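Student: dropping a prediction and its sequence here:
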Amino acid sequence: NILGDIIYTNSEIQNKGEHGSLQYFWEAFPVNIGRGKEPGTSDVKTTYMFTYLDADKKRPDLITLMEDYWTLLPKYQPSIK
């Protein structure tokens with residue numbers, strides 16, 4: 001994406017077994033650094049992945065969420081390898 005996404009999902013609900021189910025959502029915003037000088041031409045983005053969970057201790061831990069982030073990021077932003 002060049003301009004950014006407000007809220008986007010590109011995956012189905014994921015079953016995390018005893019930790020429950022979740023679905024990830026993405027947000028991406030270009031920043032004013034990078035190669036492009038005009039709006040919409042920057043090659044640098046701020047990217048967020050988030051999900052909605054309650055605070056039950058059985059939910060996936062932060063390490064699991066970060067591992068999923070690094071696995072799924074290239075699918076969301078193919079320019080990132």
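Tutor: Received, thanks.

Student: going forward, measure contacts between C-alpha atoms and count neighbours the same way
Tutor: Noted.

Student: what about this structure, any weak spots by pLDDT?
Tutor: Low-confidence segments of the chain (pLDDT under 70): 1-5, 32-43, 81.

Student: could you rerun that using 80?
Tutor: 1-6, 29-45, 79-81 (pLDDT under 80).

Student: and the strands in it?
Tutor: Using DSSP state E, the strands of the chain run over 5-8, 14-15, 21-22, 25-30, 45-50.

Student: just name the most buried of those.
Tutor: Comparing the strands of the chain by mean neighbour count (mean count of other Cα atoms under 10 Å), strand 25-30 comes out on top with a mean of 18.

Student: report the strands that pair with it, each with its relative direction.
Tutor: According to DSSP bridges, strand 25-30 has the following sheet partners: strand 5-8 (antiparallel), strand 45-50 (antiparallel).

Student: now render the strands of the chain as CSV, adding distance to Asp68.
Tutor: Output for the strands of the chain, formatted as CSV (distance: least, Cα to Cα, whole Å):
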stretch, distance to Asp68
strand 5-8, 16
strand 14-15, 11
strand 21-22, 12
strand 25-30, 12
strand 45-50, 9
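
Student: closest to Pro60 out of those strands?
Tutor: For Pro60, the closest of the strands of the chain is strand 21-22, at 9.3 Å, according to Cα to Cα.

Student: and the strands paired with strand 25-30: which comes nearest Tyr24?
Tutor: Tyr24 lies closest to strand 45-50 among those, at 5.6 Å (Cα to Cα).

Student: and the closest one, how far from the chain's centre?
Tutor: Relative to its chain's centre, strand 45-50 lies at 5 Å (Cα atoms, centre = their mean, to the nearest Å).

Student: check stretch 44-51 too.
Tutor: 5 Å.

Student: give me the nearest residue to the residue most central in space within the chain, chain neighbours excluded.
Tutor: With distances taken as Cα atoms, centre = their mean, the residue of the chain nearest its centroid is Met49 (2.8 Å). Spatial nearest neighbour of Met49, excluding adjacent residues (Cα to Cα, 6 or more residues apart in numbering): Trp26 at 4.5 Å.
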